[in-house]
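Participant: Following is a predicted model, sequence given first.
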Amino acid sequence: MTSYKTEIGSDINKAADLLMSGELVAIPTETVYGLAGNAFSATVIKKIFEVKNRPFTNPLIVHIASVDKLSSIVKQVPDIALRLLHAFSPGPLTLILPKKEMIPDFVTAHSSQVAVRIPNHRLCLELLNRLPFPLAAPSANKFTSISPTNPDHVMNQLSGDIPYILDGGFCNNGIESTIVGFENDTMLVYRLGAITTEQLQEIHPNTRLVNDNRVIHSPGMMKYHYAPKTPLLLTENVAGTIQSFGTKKIAVLYFKQPAVESAAAYKQVLSINGSFQEAAANLYKALYELDKQKPDIIIAERLPDIGLGQSINDRLKRATSK
Ligand code: TXA
Ligand code: MG
């Protein structure tokens, strides 16, 4: 593979030129940074998988600038999908829809369906609008590692692998998009994410969470995803768990400010006042910071299992599976 002197910058022309010439560029979105390339080029898509060390069986999300671009990549859009787009686009919603030929099989891991989303990020939309092709982009981390929510985290993981990281600041939402598919009149949630199941159900009550113990439709539902290098334990009882680990070098990831300060060596509070939104935005950065200290264990506080709390718990659960 080519070795690059990776740069961070906000030069949108440079990003566009690189993408036009078949290079990969890390792009900002409202959820996490993406590792982007021309979605119509099989060669470019192959490069994305190689840089990420991602198995070719794990398909990619295609990013477009607006709803009118949908018809160039998907065959049909069911009514429920249109209603969802109306409610949440641009935004952290990914739809699984029947793909057109234009989309190489590499993108979808040979599935006849493609994952599509319209990111809600000014710079990203501006970039998409300049390009004659959509951008396929997985999160800009190595396979199974923590997703990056700022340019420095991308640099830590992909330095030397890509020429450019387009700096769009810190990602507002901080966890990945919610992935939704359709089966007759049922809306299937393949991955919990920045749009909550409650929000989806307001648009279409007949919604089912695809249970990853039975089927793995979406490898984002795999265990071992989103994981720090340190073993992580998810618990309701942080104080008790700290005690049970005794003298080990412990790091704690609190949801909100604890009533009693713990004696843990390192800690991060996701949101002092217990806001789900703030907690989601800080999640991956906090995990990065704790992981960097190389503790023996990270003890993470479970959030209430509603709204975004459910999506954050989902990511923490997957981080524990090793
Ligand atoms: O917020 C996000 O969705 C971010 C930003 C960069 O857009 N992207 C992201 O991509 O999280 P990635 O590759 O890390 O996760 C995409 C998930 C994977 O779990 C993949 O399996 C699933 O989407 N996926 C993609 N295409 C699919 C398809 N045709 N059918 C089912 N699942 C699919
Ligand atoms: Mg990912």
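Facilitator: The structure has been received and is ready for your questions. Please read these numbers as outputs of a predicted model, since none were measured by experiment. Ligands and ions are numbered 1, 2, ... in the order given.
Participant: doesn't Val114 fall inside a helix?
Facilitator: No. Checked against DSSP: H, G, I helix; E, B strand; the rest coil, Val114 lies outside a helix; its state is strand.
Participant: nearest spatial neighbour of it, skipping sequence neighbours?
Facilitator: Lys99 (3.7 Å; CB to CB, 6 or more residues apart in numbering). In short, each C-beta sits where N, CA and C put it, glycine included.
Participant: How about Ser89?
Facilitator: Nearest non-adjacent residue to Ser89 (CB to CB, 6+ apart): Ile118, at 4.6 Å.
Participant: burial of that neighbour, as a residue count?
Facilitator: Counted with other CB atoms under 10 Å, the neighbours of Ile118 add up to 24.
Participant: Likewise for His121?
Facilitator: Using other CB under 10 Å, the number of residues around His121 comes to 22.
Participant: Touching, it and Gly169? I think so.
Facilitator: No. The pair His121 / Gly169 is not scored as a contact, 9.1 Å apart, by CB atoms under 8 Å.
Participant: Tell me the residues that contact both of these two, please.
Facilitator: Listed contacts common to His121 and Gly169 are Pro28; contacts here mean CB atoms under 8 Å, 6 or more residues apart in numbering.
Participant: For Met155, see how far away Ile64 is.
Facilitator: Separation of Ile64 from Met155 (CB to CB, to the nearest Å): 27 Å.
Participant: And those two? Which one has more around it.
Facilitator: More crowded of Ile64 and Met155, by other CB under 10 Å: Ile64, with 24 against 18.
Participant: all strands for the stretch 201-322 of the chain, in order.
Facilitator: Using DSSP state E, counting those that start in this stretch, the strands of the stretch 201-322 of the chain run over 207-209, 232-235, 250-254, 266-269, 297-301.
Participant: Export the ones you listed as a markdown table, with columns for distance to Ile80 and mean pLDDT.
Facilitator: Output for the strands of the stretch 201-322 of the chain, formatted as a markdown table (distance: least, CB to CB, whole Å; pLDDT from 0 to 100):
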| stretch | distance to Ile80 | mean pLDDT |
| --- | --- | --- |
| strand 207-209 | 10 | 93 |
| strand 232-235 | 33 | 96 |
| strand 250-254 | 36 | 97 |
| strand 266-269 | 38 | 96 |
| strand 297-301 | 34 | 96 |
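Participant: Let me have those in a markdown table, extended by distance to Thr149 and mean neighbour count.
Facilitator: What follows is those, written out as a markdown table (distance: least, CB to CB, whole Å; neighbours: other CB atoms under 10 Å):
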| stretch | distance to Thr149 | mean neighbour count |
| --- | --- | --- |
| strand 207-209 | 25 | 14 |
| strand 232-235 | 18 | 19 |
| strand 250-254 | 15 | 25 |
| strand 266-269 | 14 | 19 |
| strand 297-301 | 17 | 25 |
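Participant: And those: which comes nearest ligand 1?
Facilitator: Closest to ligand 1 of the strands of the stretch 201-322 of the chain, according to CB to the nearest ligand atom: strand 207-209, at 14.2 Å.
Participant: which helices and strands sit right next to the closest one?
Facilitator: Under the contact definition 3 or more CB pairs under 8 Å, 6 or more residues apart in numbering; DSSP states H and E, strand 207-209 sits against strand 186-191, helix 197-203.
Participant: Please identify the deepest-packed of these.
Facilitator: Each of the helices and strands packed on strand 207-209 was scored by mean neighbour count; the highest is strand 186-191, a mean of 19, by mean count of other CB atoms under 10 Å.
Participant: so what does that one touch, helix or strand wise?
Facilitator: Contacts defined by 3+ CB pairs under 8 Å, 6+ apart place strand 186-191 against strand 178-183, helix 197-203, strand 207-209.
Participant: any idea how far the host helix or strand of Ile48 is from the chain center?
Facilitator: Secondary structure assignment for Ile48, by DSSP states H and E: helix 42-52. On the basis of CA atoms, centre = their mean, to the nearest Å, helix 42-52 sits 18 Å off its chain's mean C-alpha point.
Participant: as a whole number, average confidence for it?
Facilitator: Helix 42-52 carries an average pLDDT of 97.
Participant: immediately after it, which helix or strand?
Facilitator: Proceeding N to C from helix 42-52, the next assigned helix or strand is strand 61-63, under DSSP H and E.
Participant: hmm, back to that, same list (the strands of the stretch 201-322 of the chain) but as a markdown table, adding distance to ligand 1.
Facilitator: As requested, the strands of the stretch 201-322 of the chain are exported to a markdown table (distance: least, CB to the nearest ligand atom, whole Å):
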| stretch | distance to ligand 1 |
| --- | --- |
| strand 207-209 | 14 |
| strand 232-235 | 19 |
| strand 250-254 | 21 |
| strand 266-269 | 22 |
| strand 297-301 | 20 |
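Participant: of the ones you listed, which approaches Ile12 most closely?
Facilitator: Among these, strand 266-269 comes nearest to Ile12, with 32.9 Å by CB to CB.
Participant: got the contact list for the closest one?
Facilitator: Strand 266-269 is contacted from outside by 250-258, 282, 286, 289-290, 293, 295, using CB under 8 Å, 6+ apart.
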